[in-house]
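Novice: Build me a model:
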Amino acid sequence: MTSGLRWQFWSTVALILFCGWYTAANWATPEQRHASWWLPNQGIRLGLDLQGGIQWVLGVKLEAAVDHELEHLRGRLQTTFEEEKLTPKRLAVVEDELVVETQSPEDLARVEKLTSDWNVLERVRADDSSIAWRLNKSWAKDVREKGMQQVLEVLRRRIEDPLKGIQDSVVTRQGDDRILVQIPGGQVDRAQARSLIAVTGFLEFKMVQDAASTEDLLKAKHGGAIPEDMEVVYEKDRQTNAVTHVFLVRKAADLTGDYLEDARVTYDRQQRPVVSFTFNSDGAQTFATLTEKNVGKALAIVLDKQVYSAPVIRERIGGQGQIEGRFNTQQATDLAVVLRSGSLSIPVAVEQERTIGPALGADSIHRGLLASLLAVALVITFASVYYRLSGVYASVALLTNLVMLIGIMSLFRATLTMPGIAGLVLTVGMAIDANVIIFERIREELRGGKTPRAAIAAGFNKAWWTVFDANLTTLISAFVLFEFGTGPVKGFAVTLCIGILTSVFTAMVVTRLLYAVYPGERRVAELSI
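Specialist: Sure, this is the predicted structure:
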């Protein structure tokens, strides 16, 4: 064996042993892996269909994204009117339209001039004193798409939160307005996970204009009606859900949770859990200015229209604060996760809920492994009988391929699903297929009169492009499945992609090295028969 071939041989052996090390980790429990000094502490992750768990299909109310965009434009228009000293009778969002009613036709002409360059709006109707717009189709489509991406990102951050994350979870888009959420295993309480998904988490800071113990008393202070630019918010007892305080605040928030940088659970002097938050630089400056101007007044911390606390501002506050709400530790932790992940300004609704028991997953694993072992046994038997020594080499390459496949999936923490096991079985057939192409090419060279050594070399060289082309087209198909598939389909694509790469390697490298170590010229010559 030449020095170059020796280096190639031992490099391949080292790679196989490394993959075998990770493969061995899958036969131990997580506790055994952590306790062992020689096993890696990770194995293949199992998908929802193999270890059981919860699956939700969520419907995203994308119409809310359009309403929020119209509200944003209404705010911009309000600011423009104030700068131009223009006072309309009405400026509001009605259903999916932005409506302006003016005092006179002259004012309406000014409004049209001020909005003439707003190309995101299209007029739907107008008369002498009013005008109504909608978002144009292209902008509305863009707003919906951005809203969908925002919902996906927020849900991923909530479920995969680094401090309270759910391992191996899946959050992916399904169609135009649905999201698939899968939480494998019994890692989390269903009600707890559902609350993380359902709560919008829209945090607002609003200065309290007035307060009372009941809404009737509050309205009585203002002549029985609430001013149009104000709203009533409530503080409730966490245990009984009874209203304890009623506050009058402006509809427009003085500061929102969009400026939050972090949120953590801490404890006050009485060792009660509270949620400490930190603003980014812009939020810290705004919060400091707000608190400095309102020393001695109450500031309501409102989450999803419910007041969590309304502390009196004693002094100027910088970029940090606390939310006190008589929480237990679990409630405080959930709130911190929601605040860290950001607000879900577009509501979602659970359209489908499915629970898979671990017993069904265990049965799937058992049957999948049985099918895989049966496939390997049949392929090895056929190869060894039909191709003799070359078939034995192909069988060794096949077993090496499986070790490398499982080892690489364990190394990169790939998720194995039931279709993934099907991909594993398919890989067995594809792995032996490459060897069959090589052996048939060697057989042709032997029939042409070449010596066994020359036939082996020619067979591998001439079969290379055929093997490469056949596997490349399958690899492209696997990439397409991974890109456009969801859940289990992605699992199949991942297994197939890795299996293709290891199949080509073991067929072209491992089998050839076995021939180099022991050519078995007399046995190889029998291939020509």
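Novice: Can you name the secondary structure element that comes next after the longest helix anywhere in the chain?
Specialist: Taking DSSP state H as the criterion, the chain has its longest helix at helix 452-484. Downstream of helix 452-484, the first helix or strand assigned by DSSP states H and E is helix 488-505.
Novice: which strands and helices sit next to the longest helix of the chain?
Specialist: Contacts defined by 3 or more C-beta pairs under 8 Å, 6 or more residues apart in numbering; DSSP states H and E place helix 452-484 against helix 418-447, helix 488-505, helix 511-517, helix 521-525. C-beta here means a position set from N, CA and C on the backbone, and glycine is covered the same way.
Novice: Next, the buried residues of the second one.
Specialist: Using 16 or more other C-beta atoms under 10 Å as the test for burial, helix 488-505 gives 488, 490-505.
Novice: in the chain, what residue sits furthest out from the centroid?
Specialist: Residue farthest from the centre of the chain, counting by C-alpha atoms, centre = their mean, is residue 449 at 59.4 Å.
Novice: From residue 303, how far out is residue 215?
Specialist: As defined by C-beta to C-beta, to the nearest Å, residue 215 lies at a distance of 19 Å from residue 303.
Novice: out of these two, which sits in the more crowded spot?
Specialist: Legend: neighbour count by other C-beta atoms under 10 Å for residue 215 and residue 303, higher for residue 303 (21 against 14).
Novice: looking at the sheet around the more buried one, what are its partners?
Specialist: residue 203, residue 306 (DSSP bridges).
Novice: I'd assumed residue 205 was in contact with it.
Specialist: No - in this structure residue 303 lies outside contact range of residue 205 using C-beta atoms under 8 Å: 10.4 Å.
Novice: Lowest mean pLDDT among the helices and strands, pick that one out for the chain.
Specialist: Ranking every helix and strand in the chain by mean pLDDT, DSSP states H and E puts helix 30-35 at the bottom, with a mean of 65.
Novice: helix or strand right after that one?
Specialist: Following helix 30-35 in sequence order, the next helix or strand is strand 45-46 (DSSP H and E).
Novice: Neighbouring strands - and their directions - for that next one?
Specialist: strand 415-416 (parallel).
Novice: How far does the strand it pairs with sit from its chain's centre?
Specialist: In this view, strand 415-416 has its centroid 15 Å away from the chain centroid, taken as C-alpha atoms, centre = their mean, to the nearest Å.
Novice: what does stretch 131-144 give?
Specialist: On C-alpha atoms, centre = their mean, the centre of stretch 131-144 falls 28 Å from the chain's centre.
Novice: Run through who's touching it.
Specialist: Here stretch 131-144 makes contact (C-beta atoms under 8 Å, 6 or more residues apart in numbering) with 62, 65-66, 69-70, 94, 96-100, 108, 111-112, 115, 118-126, 177.
Novice: make it 7 Å
Specialist: 62, 65-66, 69-70, 96-100, 108, 111-112, 120-125 (C-beta atoms under 7 Å, 6 or more residues apart in numbering).
Novice: Ok, stretch 375-392 next?
Specialist: 394, 395, 398, 425, 428, 432, 439, 520, 523, 524, 526, 527.
Novice: Quick one: neighbours of the first one, just the number.
Specialist: Taking other C-beta under 10 Å as the criterion, the count of residues near residue 394 is 28.
Novice: and residue 286, how many neighbours does it have?
Specialist: There are 17 residues near residue 286, going by other C-beta under 10 Å.
Novice: Name the nearest residue to it, sequence neighbours excluded.
Specialist: Once flanking residues are discounted, residue 286 sits nearest to residue 255: 5.5 Å by C-beta to C-beta, 6 or more residues apart in numbering.
Novice: In contact with residue 69, which residues?
Specialist: 135, 143.
Novice: And the helix or strand containing it, what's buried?
Specialist: Assigned by DSSP H and E, residue 69 belongs to helix 63-83. Residues of helix 63-83 classed as buried by neighbour count (16+ other C-beta under 10 Å): 63, 64, 65, 66, 67, 69, 70, 73, 74, 77, 81.
Novice: will you turn those into TSV that also has pLDDT?
Specialist: Below are the buried residues of helix 63-83 laid out as TSV (pLDDT from 0 to 100):
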residue	pLDDT
63	87
64	84
65	85
66	87
67	85
69	85
70	86
73	85
74	85
77	86
81	84
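Novice: that older thread, give me the buried positions along the longest helix of the chain.
Specialist: 452, 455-460, 463-464, 467, 470-471, 474-475, 478, 481-482.
Novice: What of stretch 9-19?
Specialist: Going by 16+ other C-beta under 10 Å, stretch 9-19 has these buried residues: 9, 12, 15, 16, 19.
Novice: What is the nearest of these to residue 333?
Specialist: Using C-beta to C-beta, residue 19 is the member of those that lies nearest residue 333, at 39.3 Å.
Novice: How about the backbone phi and psi for the closest one?
Specialist: Main-chain dihedrals, residue 19, degrees, to the nearest 10: phi -70, psi -40.
Novice: OK, contacts around it?
Specialist: Counted by C-beta under 7 Å, 6+ apart, residue 19 has contacts 403, 404, 407, 408.
Novice: 8 Å - rerun?
Specialist: By C-beta under 8 Å, 6+ apart, the neighbours of residue 19 are 403, 404, 406, 407, 408, 411.
Novice: Filter those down to just the ones in helices.
Specialist: Counted as lying in helices by DSSP H, out of the contacts of residue 19, are 403, 404, 406, 407, 408, 411.
Novice: Out of those residues, which one has the weakest pLDDT?
Specialist: pLDDT across these is lowest for residue 411, at 85.
Novice: What's the local residue count around the closest residue to that one other than its chain neighbours?
Specialist: Distances taken as C-beta to C-beta, 6+ apart put residue 22 closest to residue 411, at 5.2 Å, once the chain neighbours are dropped. Residues lying near residue 22 (other C-beta under 10 Å) number 22.
Novice: ok so residue 22 is a strand residue?
Specialist: No - applying DSSP: H, G, I helix; E, B strand; the rest coil, one finds residue 22 to be helix, outside a strand.
Novice: Retrieve the pLDDT associated with it.
Specialist: 81.
Novice: Confirm for me that it is in contact with residue 414.
Specialist: No - at 11.2 Å, residue 22 does not count as touching residue 414 under the criterion of C-beta under 8 Å.
Novice: Spit out the residues that contact the two alike.
Specialist: residue 408.
Novice: From the buried residues of helix 63-83, pick the one nearest residue 234.
Specialist: The closest of the buried residues of helix 63-83, once distances to residue 234 are taken by C-beta to C-beta, is residue 64, at 22.4 Å.
Novice: residues in contact with that closest one?
Specialist: Counting by C-beta under 8 Å, 6+ apart, the residues that residue 64 touches are 147, 345, 346, 347.
Novice: Neighbours of the first one, how many?
Specialist: The criterion is other C-beta under 10 Å. On that basis, residue 147 has 22 neighbouring residues.
Novice: Please report how far the nearest residue to it once chain neighbours are set aside lies from residue 474.
Specialist: Leaving aside its sequence neighbours, residue 147 sits nearest to residue 65 (C-beta to C-beta, 6+ apart; 3.2 Å). Here residue 65 is placed at a distance of 40 Å from residue 474 (C-beta to C-beta).
Novice: now residue 66
Specialist: Applying C-beta to C-beta to residue 66 and residue 474 gives a distance of 43 Å.
Novice: any chance of the buried residues of helix 63-83 in TSV, with distance to residue 445 too?
Specialist: Formatted as TSV, these follow (distance: C-beta to C-beta, whole Å):
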residue	distance to residue 445
63	69
64	69
65	66
66	69
67	73
69	70
70	74
73	75
74	79
77	81
81	87
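Novice: right, and out of the residues you listed, which lies closest to residue 209?
Specialist: Out of the buried residues of helix 63-83, the member with the shortest distance to residue 209 (by C-beta to C-beta) is residue 74, at 21.8 Å.
Novice: for that closest one, what are its contacts?
Specialist: 91, 92, 93, 98 are the contacts of residue 74 under C-beta under 8 Å, 6+ apart.
Novice: change it to 10 Å
Specialist: 91, 92, 93, 98, 99, 100 (C-beta atoms under 10 Å, 6 or more residues apart in numbering).
Novice: Kindly report the same for residue 339.
Specialist: Contacts of residue 339 by C-beta under 10 Å, 6+ apart are 201, 203, 257, 260, 262, 263, 264, 275, 277, 303, 323.
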